[in-house]
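Novice: sequence plus the predicted model coming up.
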Amino acid sequence: MEYEKLLENAYKNLPKVKTDDSRFEIPKAQGHVQGSKTIIVNFVKIAQILRRDVSHLQKYLLRELASPGNLDGPRLILNRKISSVLINQKVEQYAKDFVICKECGKPDTTLKKEERFTYVKCQACGAKHYIKSKI
């Protein structure tokens, strides 16, 4: 009897835990236009937050933005003027396609390659989703 009362008091004193999944935010690209080039200053940081290889994200953005470019330290230099809105849309699309789990919606995923196919493996729920686009 006393045990149940102690257990009830312990549950009452536990801190309330937030159950929303707002811990992950898709990062926004920060940059500027310099002449005829667009420079994304925080490119490597974006790749680190998404937990993806820098070269994979770079290939995706260069293909989707139809622009040649190169990596210069932590910056990505695109060889044409591109609006930040378009760059951020492409980063969000990359996160939806290659980072966020389609089952549970969490970003705790890794990219795996099996023969010719690449898939997203969720570390949280164990789901496995094949990726249709090639990079």
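Specialist: Sure, I can see it.

Novice: residue 44 touches residue 54, doesn't it?
Specialist: Yes: the pair residue 44 and residue 54 passes the contact test of Cβ atoms under 8 Å, sitting 5.8 Å apart. The C-beta positions use only the backbone N, C-alpha and C, and glycine is treated the same way.

Novice: am I right that residue 129 is in a helix?
Specialist: No: residue state for residue 129 (DSSP: H, G, I helix; E, B strand; the rest coil) corresponds to strand; a helix is not indicated.

Novice: domains for this structure, by residue range?
Specialist: For the chain, whose domains are defined here by automatic domain parsing, the residue ranges read 28-99, 101-135.

Novice: pull the residues that contact stretch 55-66.
Specialist: When contacts are taken as Cβ atoms under 8 Å, 6 or more residues apart in numbering, the neighbours of stretch 55-66 outside the stretch itself are 43, 46-47, 50, 68-69, 71, 76, 78, 82, 86-87, 90-91, 93-94, 98, 111, 135.

Novice: ok, 10 Å please
Specialist: 29, 38, 40, 43-44, 46-47, 50, 52-53, 67-71, 76, 78-80, 82, 86-87, 89-91, 93-95, 97-99, 111, 118, 133-135 (Cβ atoms under 10 Å, 6 or more residues apart in numbering).
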